[in-house]
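1. Got a predicted structure plus its sequence, pasted below:
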Amino acid sequence: MDEDDTSGERERARSGAGGTDPEGSKPRRSDGPGGGILMGRPFGVPVYVAPSWFIVAALITWVFGGQLDRVLPELGGTRYLVSLFFAVAFYASVLVHELAHTVAALRFKLPVRRIQLQFFGGVSEIEKESETPGREFVLAFVGPLLSLVLAGLFYLGMQAVEPGTVPGVLLAGLMISNLIVAAFNLLPGLPLDGGRMLRAVVWKITGKPMSGTVAAAWVGRALAVAVLIGLPLLTHTGALGNATEDIGGMETVTDALLAAILAAIIWTGAGNSLRMARLREHLPELEARTLTRRAVPVESDTPLSEALRRANEAGARALVVVDGHGDPTALVRETAIVGVPEHRRPWVAVSGLAQELTDGMKVSAELAGEALLDKLRASPATEYLVVEESGEIYGVLSTADVERAFVAAMARPASS
């Protein structure tokens, strides 16, 4: 099942067995694979298999093997090899579902960071949000559509083989599983694909993407409650086609556990969608110019006490080390200043507390929102030199100030 993450900065709105994950933004970012085995790079996008996949593959092999024992008892122990093949084929179908999202995203020039197959399906981690509700709808719909197409292809394959044979049973299982994937993902609540489609519709009607997110997220939470209560109830009453006399205590516990896991994933994904949407709404408020501390230039051999005196007189809160021509060469670290006792400051030169300035530590005063965060993520540091387009020093930007502004933006209520 496809839950967006989220992984920290990302909006982990994934669909049941496949889905999309448009990335939110945070001051920090992890560019590592995030755990898992790299399986390939279709369309240039890395595909990872998370360790949790092996747990589910083993579970599918065991459950499907038990079903094969009832349908094809003559297979004996070989049934588990057939079951393992089914598990791999099913997740190959999930990969096709995810590749549909990926191809659509690339077609809309939305970069895709990776695809990951994991515990309850997969997720396509898309770096940016769709610009229009129409693209959002298409991006979400193509996954379930491909699952339906696969179900149709497996159905056609069933017509070409004898029923009751290994190929017939495998094709029937893959057809049913893809139908379930498509149907589940079309449920109209975030983080499922159907929720993203509902979000696109509300966005189109209201003209406000946040209104779409709020509506689809609350429907997602309602779905989570419905799954938690309804799935065990349907199974226990035999509404899903199973005979009530065959339902035992273990099956009841298993169904309740599965329902709880699915409900938790949906509820968490819906909440993450709301948080990331609120972040996106307030992200433009993060402006380098407004967050920058005023700075004074000082020569490298200036005593710290004298540099701080000049800063206090100018009402500045940062120090920039310059050379004889007035060009910036380093930034005096705030944490280093705090670590020097007051009685030692007349004897400590600012050069001993400064960090050499690199190109990555120079930030345009015009940067704001996601572009600003991308710049900071690309070159991690505690302070950055903020410059005008002319190259003139504007001040110093502290990572701590950006993080405080980020937290404050997340705390403010969003307008729907």
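-> Right, received. Where do you want to start?
2. Isn't G360 up against S379?
-> Yes - the pair G360 / S379 is scored as a contact, 2.8 Å apart, by C-beta atoms under 8 Å. The C-beta positions use only the backbone N, C-alpha and C, and glycine is treated the same way.
3. Show me where the protein dips below the pLDDT cut-off.
-> When residues are selected by pLDDT under 70, those of the chain lie in 1-35, 235-252, 254, 410, 412-416.
4. which stretches of it form strands?
-> Here the chain has its strands, by DSSP state E, at 20-22, 37-40, 47-49, 112-118, 121-126, 295-299, 318-322, 328-332, 354-356, 362-364, 383-387, 393-398.
5. of all the ones you listed, which lies closest to L283?
-> For those, the distance to L283 is smallest for strand 20-22, at 13.2 Å, taking C-beta to C-beta.
6. P42: how many residues sit nearby?
-> Other residues near P42 come to 14 when the count uses other C-beta atoms under 10 Å.
7. Identify the residues contacting it.
-> 99, 102 (C-beta atoms under 8 Å, 6 or more residues apart in numbering).
8. how close does it sit to V112?
-> Computed as C-beta to C-beta, to the nearest Å, the P42 to V112 distance reads 10 Å.
9. Next: G189.
-> Note on G189: its distance to V112, by C-beta to C-beta, is 24 Å.
10. now do G194
-> 21 Å.
11. and what of G152?
-> From G152 across to V112, the span is 26 Å (C-beta to C-beta).
12. Of the two, which one has the most company?
-> Each of G152 and V112 has its neighbours counted (other C-beta under 10 Å); V112 has more, 25 against 13.
13. got the contact list for that one?
-> 45, 102, 105-106, 124-127 are the contacts of V112 under C-beta under 8 Å, 6+ apart.
14. And for A100?
-> So A100 contacts 18, 142-143, 145-146 (C-beta under 8 Å, 6+ apart).
15. Now do the helices in the chain.
-> Applying DSSP state H to the chain gives helices spanning 51-71, 79-107, 133-159, 166-185, 193-206, 209-237, 249-282, 288-291, 304-314, 334-338, 369-378, 399-411.
16. Nearest to I37, out of those helices?
-> Nearest to I37 among the helices of the chain is helix 51-71 (8.2 Å), distances taken as C-beta to C-beta.
17. what angle separates the closest one from strand 121-126?
-> Calculated by axes from the mean of the first three to the mean of the last three C-alpha atoms, to 10 degrees, helix 51-71 forms an angle of 140 degrees with strand 121-126.
18. buried stuff in helix 51-71?
-> Neighbour-count burial for helix 51-71, counted by 16 or more other C-beta atoms under 10 Å, picks out 53, 56-57, 60-61, 64-65, 68-69.
19. Same check on stretch 132-145?
-> In stretch 132-145, counting by 16+ other C-beta under 10 Å, buried: 133, 135-145.
20. How about stretch 164-180?
-> Of all the residues in stretch 164-180, those buried under the rule 16+ other C-beta under 10 Å are 166, 168-175, 177-179.
21. I'd like those written out as a markdown table, with distance to H343 added.
-> Formatted as a markdown table, the buried residues of stretch 164-180 follow (distance: C-beta to C-beta, whole Å):
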| residue | distance to H343 |
| --- | --- |
| V166 | 84 |
| G168 | 87 |
| V169 | 83 |
| L170 | 80 |
| L171 | 82 |
| A172 | 83 |
| G173 | 78 |
| L174 | 77 |
| M175 | 80 |
| S177 | 73 |
| N178 | 74 |
| L179 | 77 |
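22. so which of the residues you listed comes closest to A365?
-> Nearest member of the buried residues of stretch 164-180 to A365, counting by C-beta to C-beta, is N178, at 52.5 Å.
23. Just give the closest residue to the closest one, not the sequence neighbours.
-> Spatial nearest neighbour of N178, chain neighbours left out: A151 (4.0 Å); criterion: C-beta to C-beta, 6 or more residues apart in numbering.
24. Tell me if I'm right that the one you found and I180 touch.
-> No - using C-beta under 8 Å, A151 makes no contact with I180, being 9.1 Å away.
25. can you redo the strands of the chain as a markdown table with distance to I205?
-> Below are those laid out as a markdown table (distance: least, C-beta to C-beta, whole Å):
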| stretch | distance to I205 |
| --- | --- |
| strand 20-22 | 20 |
| strand 37-40 | 40 |
| strand 47-49 | 36 |
| strand 112-118 | 28 |
| strand 121-126 | 24 |
| strand 295-299 | 48 |
| strand 318-322 | 48 |
| strand 328-332 | 49 |
| strand 354-356 | 51 |
| strand 362-364 | 38 |
| strand 383-387 | 41 |
| strand 393-398 | 40 |
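26. and E366, how far is that from V386?
-> Distance from E366 to V386, by C-beta to C-beta: 10 Å.
27. same deal with V166?
-> Distance of V166 to V386, given as C-beta to C-beta: 67 Å.
28. now do V338
-> Applying C-beta to C-beta, the value for V338 to V386 is 21 Å.
29. who has more neighbours, those two?
-> Neighbours were counted for V338 and for V386 using other C-beta under 10 Å; V386 has more, 23 against 7.
30. sorry, back to before: and the two most separated of the buried residues of helix 51-71?
-> Taking C-beta to C-beta, no two of those sit farther apart than W53 and D69, at 24.3 Å.
31. closest to G391 among the buried residues of stretch 132-145?
-> The closest of these, once distances to G391 are taken by C-beta to C-beta, is R135, at 38.5 Å.
32. Would you report the backbone torsion angles of the nearest residue to that closest one once chain neighbours are set aside?
-> When the adjacent residues along the chain are set aside, R135 lies closest to F108, with 5.2 Å between them (C-beta to C-beta, 6+ apart). Main-chain torsions, F108, degrees, to the nearest 10: phi -90, psi 10.
33. Next, find the distance separating F108 from A160.
-> 37 Å.
34. for E306, same thing?
-> For E306, the distance to A160 - C-beta to C-beta - is 88 Å.
35. Same drill for those two, tell me which one is more crowded.
-> Counting neighbours by other C-beta under 10 Å for E306 and for A160 shows that E306 has the greater number, 15 against 9.
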